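A.B. asks: Fold the following, please.
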Amino acid sequence: MITVIFAHPYPDRSVANRTLIESIAGLDGVEVRSLYDRYPDFAIDAEAERESLEAASTVVWQHPIQWYTVPALLKLWFERVLINGWAWGPGGEALRGKRCLWAVTTGGDEQDYSESGIHGRGFEAFEPVVRRTAEFCGMAWLDPFVVWGARQLDPEMLREHGKRYRARLASLEED
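C.D. replies: Numbers count the residues shown, from 1 in each chain. Below is the predicted model:
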């Protein structure tokens, strides 16, 4: 079972992330939890979120990169769901050994995420906070799935990324 935690502040206006979500529709063993649709008031049902995670062998955190990190509701989700005694600390074994895939879209292209680009660093410089969150909870970090320059991509390119995303999740479900 794969649980996709989808966090886009404007899910109805998203083009790239919506294409990715649509590409995995109907994929056996995949549950998508759209945080901004479920919790528009930010009142996260942490117990329901934990139940979903317990059933998963892989957890996907899918979102656009915003200010070099996760959107606000996903950050709050981390704080409310990944609690001491459940996800980490004494007795916190619920996520140990589960795989974690970070699936993100960026506004900038690969060149923008380089030493000479607008962001002044390679993309890997922005990975540690999310990666350490997963690893702190005992999860196995997988190579991220990145869609570069998502806003500039035409519908055909977005569909190609969607096919790659579906194939990636299907391969994880088979493992």
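A.B. asks: so how far is residue 64 from the closest residue to residue 114 other than its chain neighbours?
C.D. replies: Excluding the flanking residues, the one nearest residue 114 by C-beta to C-beta, 6 or more residues apart in numbering is residue 122, at 5.8 Å. The C-beta positions use only the backbone N, C-alpha and C, and glycine is treated the same way. Per C-beta to C-beta, to the nearest Å, residue 122 is found 19 Å from residue 64.
A.B. asks: what about the helices in the protein?
C.D. replies: In the chain, the segments counted as helices under DSSP state H are 16-23, 35-38, 46-55, 72-81, 128-136, 155-174.
A.B. asks: Take those and lay them out in a markdown table including distance to residue 6.
C.D. replies: Output for those, formatted as a markdown table (distance: least, C-beta to C-beta, whole Å):
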| stretch | distance to residue 6 |
| --- | --- |
| helix 16-23 | 6 |
| helix 35-38 | 7 |
| helix 46-55 | 12 |
| helix 72-81 | 9 |
| helix 128-136 | 15 |
| helix 155-174 | 12 |
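A.B. asks: Please identify the most buried of those.
C.D. replies: helix 16-23 (a mean of 20; mean count of other C-beta atoms under 10 Å).
A.B. asks: Please work out which residues outside that one touch it.
C.D. replies: Residues outside helix 16-23 that contact it (C-beta atoms under 8 Å, 6 or more residues apart in numbering) are 4, 6, 8, 11, 32, 34, 62-64, 103, 105, 147, 150-151, 153, 155, 158-159, 161-163, 165-166.
A.B. asks: how far does that helix sit from the chain's center?
C.D. replies: 12 Å (C-alpha atoms, centre = their mean, to the nearest Å).
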